[in-house]
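Asker: sequence unknown, structure follows:
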């Protein structure tokens, strides 16, 4: 559902869907301060980047995108902003513990990388099992960083 600018800026109450740039992001966090609600609703909480993947180069043939490491970095920046808004790390950790995280990554590393030898050399560098192992290793490192930044609940949704 694509919304007009006016529809995207509608004030919504806690627990409703957040609309950002034509995307629907479910606001699944608990009660928070009004200023944090405004930040979450105005800025959104969707770090997705079309065509991006676990690997930095994935999807580059399609243009600008933010790989998963960049998305993790953006999340870390958001956490720092939430700490500033709420005042301390304990309150922030409590707030974030009420959120649900869903991460879907990995398919583009095949579709927009491994299976595109015209643009990428990965298929020549790795056998299929080796490539899967390399992706799992990098993804594991990226998830470790996320878990260090207070993701107490997370729903894996990896297409590898």
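Answerer: Perfect, I can see it now. Note that the structure is predicted; figures quoted are calculated from it, not measured. Numbering: from 1, shown residues only.
Asker: Apart from its chain neighbours, what residue comes closest to residue 51?
Answerer: Nearest residue to residue 51, sequence neighbours excluded (C-beta to C-beta, 6 or more residues apart in numbering): residue 59, at 3.1 Å. For the C-beta atoms, the positions are set from N, CA and C on the backbone; glycine is no exception.
Asker: residues contacting the one you found?
Answerer: 50-53, 65, 108, 112-113 (C-beta atoms under 8 Å, 6 or more residues apart in numbering).
Asker: cutoff 10 Å now
Answerer: Going by C-beta atoms under 10 Å, 6 or more residues apart in numbering, residue 59 touches 49-53, 65-67, 108-109, 111-113, 116, 119-120.
Asker: of all the residues you listed, which two lie farthest apart?
Answerer: 66 and 116 (19.3 Å; C-beta to C-beta).
Asker: one step back: next one: phi and psi at the residue nearest to residue 51?
Answerer: Dihedral pair for residue 59: phi 80, psi 0, per degrees, to the nearest 10.
Asker: Same question for residue 119.
Answerer: Torsion angles, degrees, to the nearest 10, at residue 119: phi -110, psi -30.
Asker: same thing with residue 117?
Answerer: phi -60, psi -20.
Asker: looking at this, residue 139 is in a helix?
Answerer: Yes: according to DSSP: H, G, I helix; E, B strand; the rest coil, residue 139 belongs to a helix.
Asker: What's the local residue count around the nearest residue to residue 56 once chain neighbours are set aside?
Answerer: Excluding the flanking residues, the one nearest residue 56 by C-beta to C-beta, 6+ apart is residue 67, at 4.7 Å. Residue 67 has 24 neighbouring residues, counting by other C-beta atoms under 10 Å.
Asker: residues touching residue 67, list them.
Answerer: 49, 51-60, 73, 105, 108-109, 138, 142.
Asker: So which of these belong to helices?
Answerer: Among these, the members falling in helices (DSSP state H) are 73, 108-109, 138, 142.
Asker: Please indicate which of the residues you listed has the highest neighbour count?
Answerer: residue 109 (29 neighbours).
Asker: Quick check: that one touching residue 138?
Answerer: Yes: contact criterion C-beta atoms under 10 Å: residue 109 and residue 138 qualify, at 9.1 Å.
Asker: Next one: the spatially closest residue to residue 138 that is not a sequence neighbour from residue 123, what distance?
Answerer: Excluding the flanking residues, the one nearest residue 138 by C-beta to C-beta, 6+ apart is residue 54, at 5.3 Å. Residue 54 sits 16 Å away from residue 123, going by C-beta to C-beta, to the nearest Å.
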